[in-house]
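K.L.:
Output the structure for:
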Amino acid sequence: MRHVSDDERRARLATRQALAPASRLGSPEAVAAAMTALHATEPPTVHLSCWARVPGFEIADVDRALHRDKTLVKQLAMRRTLFAFPRDLLPAVWASASARVAGQERAKIAKEVLAAGLTTDADAWVDRAREQVLAVLSDAPGGLQAAELRAAVPMIDQRTGHSTGGTYLATNVIVYLGARGDVVRGLNSGGWRVSRPQWTTNAHWLGAPPPGVGAAQGYRELVGRWLRTFGPGTEDDVVWWLGATKAIVRAALADLDAVRVSLDGGGTGWLLPDDLDEVADPGHWVALLPTLDPTVMGWRGRDFYLGPHGPQLFDRAGNAVTTAWVDGRIVGCWVQDEAGVVRVRLLADVPAAARRELDAEAARLTEWLGGERVTIRYRAPAVLG
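P.N.:
Numbers count the residues shown, from 1 in each chain. This next block holds a predicted model:
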């Protein structure tokens, strides 16, 4: 059995995920393809993930990809998380991970409208709400914000008292339609650090829908791309990242002819059959990555790059904050002071030269941000101290 050491896993991480200097990329589209998808729950993460991997990156580069060329599209998918996907991956996502989320959201809405006494036929209520929202959006090519949709569709403009935090039914309905791929996030009026999307129909935003695929084919495509980006990984890694079942992951691995490999510590990982050659050490590198960067969130088993720092860098819900890296290992985090200056906080000893390089990256990020502050919403100890 082919053995992949932790050293090689860190080398793969650096080269496949565009973090080593020689592996940097030229556009947000290239970064999203290399990473399979970019985390977008926190709006600045898409931009900062690209900043770390694209020399000369500018905010307008992501805005172009998302809003003009539409080569990247934000879509709710794995683990009910928002991602920016390469457009060509959407059919696979809609058929698999997003469809799974849509089913869960529909069941939640049905439960709430029944409990609130709004209907005795929850399925019919959900279908009618969907039809009304899509009809309104069909007549609004530029899209509408959530508040405008509530006003236009009265049946969803109410609180049930059962939603978490007392959210409007409109929120749940829009999430459901987004997971289905019926509606998408169009233009954003909130700036690059804030999510304030205009909701629009898939047809208005992307044009004629691409050919659909089956669920099994969709999962196969996602698992294959994950292996290319993050492999080798364990079955548990893929199940966690995909937010699916072991049966789904095992079927996809079998369909891909994925190859078992042994890992340090005695675990078993998987690689694609054309990806078994050893990956050489790419040399020295440092990086500053944002909250929820896909590299940090790519695996469930993180010891080979995270070491003992998990409790300091992840909140209780498993959300990662900012991270500082040296040669494939997380060594700390970064924060901004009140003036917007980026400061590195180390959790591990590093050579003096590496510390200087991290400080230089912090200065480069400070200059790029130009005084704008990026809020770190997750309460992990490393960024609170």
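
K.L.:
Then residue 64 would be within a helix, right?
P.N.:
Yes. Counting by DSSP: H, G, I helix; E, B strand; the rest coil, residue 64 falls inside a helix.

K.L.:
Report pLDDT for it.
P.N.:
pLDDT recorded at residue 64 is 97.

K.L.:
okay, now it: neighbour count?
P.N.:
Other residues near residue 64 come to 17 when the count uses other C-beta atoms under 10 Å. C-beta here means a position set from N, CA and C on the backbone, and glycine is covered the same way.

K.L.:
same thing with the one 5 residues further on?
P.N.:
Per other C-beta under 10 Å, the neighbour tally for residue 69 reads 12.

K.L.:
same thing with residue 335?
P.N.:
Residues near residue 335, counting by other C-beta under 10 Å: 18.

K.L.:
Over to residue 159?
P.N.:
Counted with other C-beta under 10 Å, residues neighbouring residue 159 total 15.

K.L.:
ok, now the one 10 residues further on?
P.N.:
Using other C-beta under 10 Å, the number of residues around residue 169 comes to 24.

K.L.:
separation between it and residue 348?
P.N.:
48 Å (C-beta to C-beta, to the nearest Å).

K.L.:
what does residue 173 give?
P.N.:
Applying C-beta to C-beta to residue 173 and residue 348 gives a distance of 46 Å.

K.L.:
more crowded one of the two?
P.N.:
residue 173 (25 against 13).

K.L.:
next helix or strand past the helix or strand encompassing residue 249?
P.N.:
Using DSSP states H and E, the element containing residue 249 is helix 246-255. Helices and strands here follow DSSP H and E; after helix 246-255, the next one along the chain is strand 259-263.

K.L.:
quick one: that following strand to helix 246-255, angle?
P.N.:
Put simply, strand 259-263 runs at 110 degrees to helix 246-255, going by axes from the mean of the first three to the mean of the last three C-alpha atoms, to 10 degrees.

K.L.:
mind listing what's buried in strand 259-263?
P.N.:
259, 261, 263 (16 or more other C-beta atoms under 10 Å).

K.L.:
next one: stretch 216-228
P.N.:
Quick answer for stretch 216-228 (16+ other C-beta under 10 Å): 217-228.

K.L.:
can you check stretch 117-130 too?
P.N.:
Within stretch 117-130, the residues that count as buried by 16+ other C-beta under 10 Å are 122, 125-126, 129-130.

K.L.:
Touching it from outside, list them.
P.N.:
106, 109-111, 113-114, 153, 155-156, 158, 160, 169, 173, 176-177, 182 (C-beta atoms under 8 Å, 6 or more residues apart in numbering).

K.L.:
Out of the residues you listed, which comes closest to residue 138?
P.N.:
Checking the contacts of stretch 117-130 against residue 138 by C-beta to C-beta gives residue 182 as the nearest, at 10.8 Å.

K.L.:
Spit out the contact partners of that closest one.
P.N.:
Contacts of residue 182 (C-beta under 8 Å, 6+ apart): 130, 134, 201-202.

K.L.:
So which residues make contact with the longest strand seen in the chain?
P.N.:
The residue-count maximum for a strand in the chain (DSSP state E) belongs to strand 329-336. Contacts with strand 329-336, where a contact means C-beta under 8 Å, 6+ apart, come from 10, 288, 296, 305-307, 309, 312-313, 321-325, 342-348, 350, 354, 358, 362, 365-366, 369, 373-374, 376, 380, 382-383.

K.L.:
Among those, which ones are in strands?
P.N.:
Taking DSSP E as the definition of strands, the contacts of strand 329-336 contribute 288, 323-325, 342-346.
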